[in-house]
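Undergrad: Build me a model from this:
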Amino acid sequence: MKKREEQEWFGLLDEITADLAENHIPDLDTAEFPLEKDPDRLAAIKQRTFEKIAGISPGAKIKTAICPSTGGELAPTAPRVGRTGTNRPKLLRRYALLAALAALLLTGGVLAGAQPEVAAQMRRVLQYLPGFAGVADSEKTEQRVEYVQPLPTTHKIGKGQLEIRGLSIGEKNSTVTLVGTGLPRASEVTLRNGLGEKYVFRRATLTGAEGGWTGFYSYEGRIEVAGNTTLIAEGQELPLKLVAPREVEQVADLGPTAEHSGIRLTAVSAAADEGKMKLTILPQLPGEVKINSYGFNSFYKEVPSAKLFNPGTGEEIPYTQDETFPNSSEIYWERGKEAVGGAKLVIPALDLTRSYDQPAVIRLLVPEKGSVEVNRTFDLFGFPVSVGRVERILKGAKIDGEGEAGEDSIRIWFELHGDEQAAETLYEFPPSLLNGGAVWHRNEQTDKLEWMLLSVQPGQKEYELKVSSLHTRVKGPWEFSVDQP
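TA: Okay, the predicted model is just below:
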């Protein structure tokens, strides 16, 4: 499994503590995922935790947008004209059934809130959280953050190293994110203030990949910050520098802002150290939208690379991301001669996931054997998608000479329409969790979904394909002029 796939899908399942599962999420029904007592609190908890651990874009709004589709069976719009391309990529894209469940489990016990009548009296404030690549909204978290660590710090411990990537101390609860390399996975860490008082941060979730790990830890209750404050980990006392967080009324006040297709991005730059600059992109997103890629890496081929250059000379400035567990929205660059006078960042396009509360349903007949032609086009949340044919694959049968089917399955062949010059283009869509697992291929030429393999029961005559999210590319460009102090 590739590093990105391991981090995005399976890493969250590595370690979820029994205390978290048993004591902090008693109201979570894992079949439907409601939080009956306070669904708004769950949304706020999800945002704060997802921003760092599950990769959901920082600064995203939690409000649910009205879906352009109301679910149910989709009406065909036109006969399919033809399917483009027959070559299939060699690697499979697997859809992890438990990924969303893990993401929900890791949200327990992170934030505690005030009574509604008290929260209503609080002035709403947005606070930038460096290290978490996001913004805390006091209206949703029902508390204010009092201290943050302004920059990540890295400490050598034995033959390994520990990075304190982000730390925030709030009025009622506090969080810290650690990245370890060559060290045992810590179940807890302790903060000690200058008075000698200790506060134990317990692990909420731990993600591991290729010899490293990143952990998210939380403490519920008030912390007295006084004197020299340290974090105790692996028997070592690590000094902390804490400052008041930057407060604004809107995210756009944090830095230069650009908007395209309803997606507003704000660039926040800071000196990481004397020789390096750091830039974080904070999106303000409509509805349930997640940004998978800003073009800072090559994982998503449909998104061109973002460019950083000197606006005066036109010289390109090389940038990097953290090698172990990068925040998808952050880059670093050296403060060399090519960056004198500032820099300009251009993001040509974004890779998005759009999620919908009500899944769309495509109902298809399942042949007893062989394949059946369908040749129908469906409107999938505003995007035309054609189903060419449905193929029955029995358990043990060879699949294109690349392996055997582990169970009775069907393969659905698709054609995703759309103009490559359009503002937004559909590239693939995973089935809803209600469908269980799936394997799908993208076409090598178009890089769009070509076919999907789904399990069926012996003798099953009809299949309901439920779709509740889309993966699309949105064109920009988003351009930012960045100062370099």
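Undergrad: What distance do you get for the closest residue to residue 250 other than its chain neighbours to residue 216?
TA: Leaving aside its sequence neighbours, residue 250 sits nearest to residue 126 (CB to CB, 6 or more residues apart in numbering; 6.8 Å). Placement of C-beta: from N, CA and C, glycine included. Residue 126 sits 21 Å away from residue 216, going by CB to CB, to the nearest Å.
Undergrad: same check, this time on residue 254
TA: Counting by CB to CB - residue 254 and residue 216 are separated by 23 Å.
Undergrad: More neighbours: the two, which one.
TA: Legend: neighbour count by other CB atoms under 10 Å for residue 254 and residue 216, higher for residue 216 (24 against 20).
Undergrad: Now the more buried one: which helix or strand?
TA: According to DSSP states H and E, residue 216 maps onto strand 212-220.
Undergrad: domains for the protein, by residue range?
TA: 3-61+103-239, 72-102+354-474, 256-351+476-482 (automatic domain parsing).
Undergrad: residues touching residue 333, list them.
TA: Residues in contact with residue 333 (CB atoms under 8 Å, 6 or more residues apart in numbering) are 276-277, 279, 308, 317-320, 339, 343.
Undergrad: what's the residue lying closest to it once chain neighbours are set aside sitting at in phi/psi?
TA: Leaving aside its chain neighbours, residue 333 sits nearest to residue 319 (4.3 Å; criterion: CB to CB, 6+ apart). Residue 319 adopts backbone torsions of phi -130, psi 160, taken as degrees, to the nearest 10.
Undergrad: Enumerate every residue touching residue 319.
TA: Residue 319 makes contact with 296, 308, 331-333, according to CB under 8 Å, 6+ apart.
Undergrad: next one: residue 147
TA: 167-169, 225, 242-245.
Undergrad: any chance of the residues you listed in TSV, plus pLDDT?
TA: Output for the contacts of residue 147, formatted as TSV (pLDDT from 0 to 100):
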residue	pLDDT
167	94
168	94
169	94
225	93
242	93
243	93
244	93
245	92
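Undergrad: so, if you compare these, which one comes nearest to residue 181?
TA: Residue 181 lies nearest to residue 167 out of these, by CB to CB, at 18.5 Å.
Undergrad: correct me, but the closest one touches residue 149?
TA: Yes. Using CB atoms under 8 Å, residue 167 is in contact with residue 149, at 4.1 Å.
Undergrad: more crowded one of those two?
TA: Each of residue 167 and residue 149 has its neighbours counted (other CB under 10 Å); residue 167 has more, 28 against 23.
Undergrad: can you list contacts of the helix or strand that contains the more buried one?
TA: For residue 167, the host element (DSSP H and E) is strand 160-170. By CB under 8 Å, 6+ apart, the surrounding residues in contact with strand 160-170 are 52, 129-132, 136, 141, 143-149, 152-155, 174-183, 214, 223, 225, 231, 233-234, 238, 240, 242, 245, 324.
Undergrad: partners of the helix or strand that that strand is followed by, with directions?
TA: Per DSSP H and E, the first helix or strand lying C-terminal to strand 160-170 is strand 173-181. Based on DSSP bridges, the pairing partners of strand 173-181 within the sheet are strand 160-170 (antiparallel), strand 212-220 (antiparallel).
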